[in-house]
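In: Everything below, folded, please.
(2 chains)
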Amino acid sequence: MADRKVRVRFAPSPTGPLHIGGVRTALYNYFFAKQHGGDFIFRIEDTDSNRFVEGAEEYILESFRWLGVKFDEGVSFGGNHGPYRQSERRDIYKKYVKVLLENDKAYIAFDSPEELDKKRAEIDNFQYDASTRLQMRNSLSMSAEEVQALIDAGHQYVVRFKVEPGEKVVVNDLIRGLVTIDSSILDDKVLYKSADELPTYHLANIVDDHLMEVTHVIRGEEWLPSAPLHVLLYRAFGWDDTMPQFAHLSLLLKPEGNGKLSKRDGDRLGFPVFPLEWHDPKSGALSSGFRESGYLPEAVINFLALLGWNPGDDVELMSMEQLIEKFDLAKCSKAGARFDYKKMIWFNHEYILQKSDREIAEKFLPIVEAHGVKAELSYLEKIVSLMKGRVNFVHELWDACSFYFIAPVEYDEKTAKKRWKENSARQMTELADLLEGLEDFSIENQDHAVHAWIEEKGYGMGEIMNAFRLALVGEGKGPQMFDISGLIGKEETLARLRRAVSVLA
RNA sequence: GGCGCUUUCGUCUAGUGGCUAGGACACAUGCCUCUCACGCAUGGAACACGGGUUCGAUUCCCGUAGGCGCUACCA
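Out: Residues are numbered from 1 along each chain as shown, chains lettered A, B, ... in the order given. All right, here's what the predicted structure looks like:
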């Protein structure tokens, strides 16, 4: 087992959009697999037919495509350990349920959900285990003939795992070390339901991981309490020597308040918790996604990677390749991490900076067009190079530089009061005349000519430039003035200047 | 309630018996400057508490408290 090829899996159930915590779990699995030259498997755990949601599977796949996380095998990827959808593996599970039954590791139980509810209401902390199972209706308390008769009569039943009490079960967790629990506190978990002929998570999970030759199970901490049960199951099947190694990841917590990050937190607090936008087919509700909100996949990945793991150095900006190279399960933190999306905004800013002007311009183009403006990509590229460092999201570019496309219709009152003085109208008229006379309207030449004029007249640099800015932009913001006038061109510059003079007087 | 995991600045974290407890986000201030940003610089800010072990504990052990998870014929 020491030299088995590394194989890990991400196995969501298609019950809705992919939760951001799930994205992180998948990411860690991916880093781990790629670092070890192993395989990354995509399995669908749809053993609960009641919770199946239309479109969830495709949503999950699309999320990983957007993020750039690639699977080696699984649903939609092929591979020779399939099928990879648990609902298509009924016969396999049935076979292994039978093995357990034959070896006295499990038993058949007829107690209905209603009967169990009643029992739980009657008895405090009722648990279906070694101390109570003989009082219940199952193949341990009934004769073989009775059991067969009930089955023949069409009674529904479940198969329960027969947990032997009084045993110390040890799980060797790659992140937490040795975790020991007493088997007496475990209940006889339901492994299989005759009603839909499907196993529950626990059985399906162990059988699939074994058959798919999974070597490492990297999953959320919510599974830690059932890890001992899983160890017992591997043992019951006699698969001890190929049992995967476990690593239980800390959970992602709400940014404020208590509890783990839930699907409802996102839009309540004004940030997404899903990679992509999600339209719930049942409720019709719309949840925002990182993609639609303007986050770059690199930023989401980098931020998530560092939430619960740290390479131990001071480097925070890391590409997928670097993350794969540096990732280390042993350096994963044990305590839950609050999902503070503020830092992700900073990552987004950094990744916008890293991208080429061309790439950002391409993302900006549809936004500009949505504002009813037609623009050349080359023009956008120039604007982007001046402005991209000032924003955290591409869509913020519009507010930051709409003056490149649209002349101001009104002038910000506060700025006008501060920057438009009694001499301004005369000075701006002079400036317009000066600029009009320029053959060469390049940024350098404007700069040269205007400075000479300011000096000659003895004007203040600030009074001229700020009034000029008010005229072209309508408010007190934006890059260097000639980076504006030079780009919008001579004609537009003069028009804006003269209009400001007539409106502001 | 039971069981398990966990606990360093507001947040994410580094640290592995001796350090002025480091970095990043956020925040504040300053610089730059034709504005607003960006950027740069500086600053405030943490070892949950109580016992041990030790010459010495943020670091090891125990307890308490807090946080989180599980406790379904859900995953």
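
In: pLDDT wise, what is the residue of chain A found nearest RNA strand B at?
Out: Scanning chain A for proximity to RNA strand B using C-beta to the nearest atom of the strand identifies A:Asn258 as nearest, at 2.5 Å. C-beta: built from backbone N, CA, C; applies to glycine. Among the per-residue scores, A:Asn258 shows a pLDDT of 77.

In: What of A:Met1?
Out: The predicted local confidence for A:Met1 is 47.

In: related to what we said a few turns ago, neighbours of the residue of chain A closest to RNA strand B, just the number please.
Out: Burial measure for A:Asn258: 6 neighbouring residues, criterion other C-beta atoms under 10 Å.

In: Within the helices and strands, which one has it?
Out: Using DSSP states H and E, A:Asn258 maps to neither a helix nor a strand.

In: what ranges do the strands span in the stretch 1-150 of chain A?
Out: Taking DSSP state E, counting those that start in this stretch to define them, one finds strands in the stretch 1-150 of chain A at A:7-10, A:39-42, A:73-74, A:106-109.

In: Residues of the stretch 201-350 of chain A that sit close to RNA strand B?
Out: A:201-202, A:221-226, A:250-251, A:253, A:258-260, A:306-308, A:310, A:312, A:314, A:316, A:331, A:333-338, A:340, A:342-343, A:345-346, A:349 (C-beta under 7 Å from any atom of the strand).

In: coming back round to it: A:Asp267: which of the strands of the stretch 1-150 of chain A is closest?
Out: Proximity to A:Asp267 (C-beta to C-beta) singles out strand A:7-10 among those, at 25.0 Å.

In: How about that closest one, which residues are buried there?
Out: Buried residues in strand A:7-10, counted by 16 or more other C-beta atoms under 10 Å: A:Arg7, A:Val8, A:Arg9, A:Phe10.

In: again, but for stretch A:221-237
Out: So for stretch A:221-237, counting by 16+ other C-beta under 10 Å, buried means A:221, A:223-224, A:227-234, A:236-237.

In: what's next to it, contact-wise?
Out: A:96, A:99-100, A:103, A:105-106, A:161, A:163, A:169-171, A:173, A:176, A:179, A:181, A:183, A:186, A:189, A:202-203, A:205-206, A:210, A:240, A:243, A:246, A:248-251, A:336 (C-beta atoms under 8 Å, 6 or more residues apart in numbering).

In: Settle this for me: A:Leu435 is touching A:Thr493, isn't it.
Out: Yes: the pair A:Leu435 / A:Thr493 is scored as a contact, 6.2 Å apart, by C-beta atoms under 8 Å.

In: Please pick the buried ones from the contacts of stretch A:221-237.
Out: Applying 16+ other C-beta under 10 Å to the contacts of stretch A:221-237 flags A:96, A:100, A:105-106, A:161, A:163, A:169, A:171, A:173, A:176, A:179, A:181, A:183, A:186, A:189, A:202-203, A:205-206, A:210, A:243, A:246, A:248-251, A:336 as buried.

In: From the residues you listed, which land in strands?
Out: A:Ala106, A:Phe161, A:Val169, A:Val171, A:Asp173, A:Val179, A:Ile181, A:Phe246, A:His248, A:Leu249 (DSSP state E).

In: how about the nearest residue to the last one, chain neighbours excluded?
Out: Right, the one you point to is A:Leu249. A:Gly220 (5.5 Å; C-beta to C-beta, 6 or more residues apart in numbering).

In: For that neighbour, grab the count of nearby residues.
Out: 17.

In: Contacts only, for it.
Out: Contacts of A:Gly220 by C-beta under 8 Å, 6+ apart are A:Gly21, A:Thr25, A:His248, A:Leu249, A:Leu251.

In: wait, doesn't the fourth one sit right on A:Ile175?
Out: What that stands for is A:Leu249. Yes: using C-beta under 8 Å, A:Leu249 is in contact with A:Ile175, at 7.0 Å.

In: which residues are common contacts for these two?
Out: A:Cys332.

In: Thought A:His36 was touching A:Ile324, still the case?
Out: No: with contact defined as C-beta under 8 Å, A:Ile324 does not count as touching A:His36 (9.8 Å).

In: Please identify every residue contacting each of the two.
Out: Contacts common to A:Ile324 and A:His36, judged by C-beta under 8 Å, 6+ apart, are absent.

In: For stretch A:85-100, which outside residues touch it?
Out: Outside stretch A:85-100, the residues touching it (C-beta under 8 Å, 6+ apart) are A:43-47, A:49, A:75, A:83, A:106, A:159, A:161, A:191-192, A:197-199, A:203-204, A:207-208, A:211, A:236-237.

In: all helices in the stretch 51-200 of chain A, in order from the N-terminus.
Out: A:56-67, A:90-102, A:113-122, A:144-152 (DSSP state H, counting those that start in this stretch).

In: mean pLDDT for those: which is lowest?
Out: helix A:113-122 (a mean of 92).

In: buried stuff in that one?
Out: In helix A:113-122, counting by 16+ other C-beta under 10 Å, buried: A:Lys119.

In: For chain A, name the helix or strand with the lowest mean pLDDT.
Out: helix A:265-269 (a mean of 79; mean pLDDT, DSSP states H and E).

In: Pairing partners for the following helix or strand past that helix, with directions?
Out: Note on helix A:265-269: by DSSP H and E, the next helix or strand toward the C-terminus is strand A:278-279. When pairing is defined by DSSP bridges, strand A:278-279 lines up against strand A:286-287 (antiparallel).

In: how about stretch A:461-471, does it reach RNA strand B?
Out: Yes: using C-beta under 7 Å from any atom of the strand, stretch A:461-471 reaches RNA strand B at A:Met461, A:Gly462, A:Met465, A:Asn466, A:Phe468, A:Arg469.

In: and the second one, what are its phi and psi?
Out: Listed backbone geometry of A:Gly462 is phi -60, psi -40, with angles given as degrees, to the nearest 10.

In: Can you give me the neighbour number for it?
Out: Neighbour tally, A:Gly462, other C-beta under 10 Å: 9.

In: With the last one instead?
Out: The criterion is other C-beta under 10 Å. On that basis, A:Arg469 has 22 neighbouring residues.

In: can you tell me the helix or strand for it?
Out: Per DSSP H and E: helix A:461-473 holds A:Arg469.

In: Now that helix - C-alpha only, PDB.
Out: Taking Å, rounded to 0.1, in the frame of the first residue of the first chain, the C-alpha atoms of helix A:461-473 are listed here in PDB:
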ATOM      1  CA  MET A 461      -1.000  75.200 -11.600                       C
ATOM      2  CA  GLY A 462      -3.700  74.000  -9.300                       C
ATOM      3  CA  GLU A 463      -6.300  76.600 -10.200                       C
ATOM      4  CA  ILE A 464      -5.900  75.900 -13.900                       C
ATOM      5  CA  MET A 465      -5.800  72.100 -13.700                       C
ATOM      6  CA  ASN A 466      -8.700  71.800 -11.300                       C
ATOM      7  CA  ALA A 467     -11.000  73.900 -13.300                       C
ATOM      8  CA  PHE A 468      -9.900  72.100 -16.400                       C
ATOM      9  CA  ARG A 469     -10.700  68.800 -14.600                       C
ATOM     10  CA  LEU A 470     -14.100  70.100 -13.600                       C
ATOM     11  CA  ALA A 471     -14.800  71.000 -17.200                       C
ATOM     12  CA  LEU A 472     -13.800  67.600 -18.700                       C
ATOM     13  CA  VAL A 473     -14.900  65.300 -15.900                       C
END
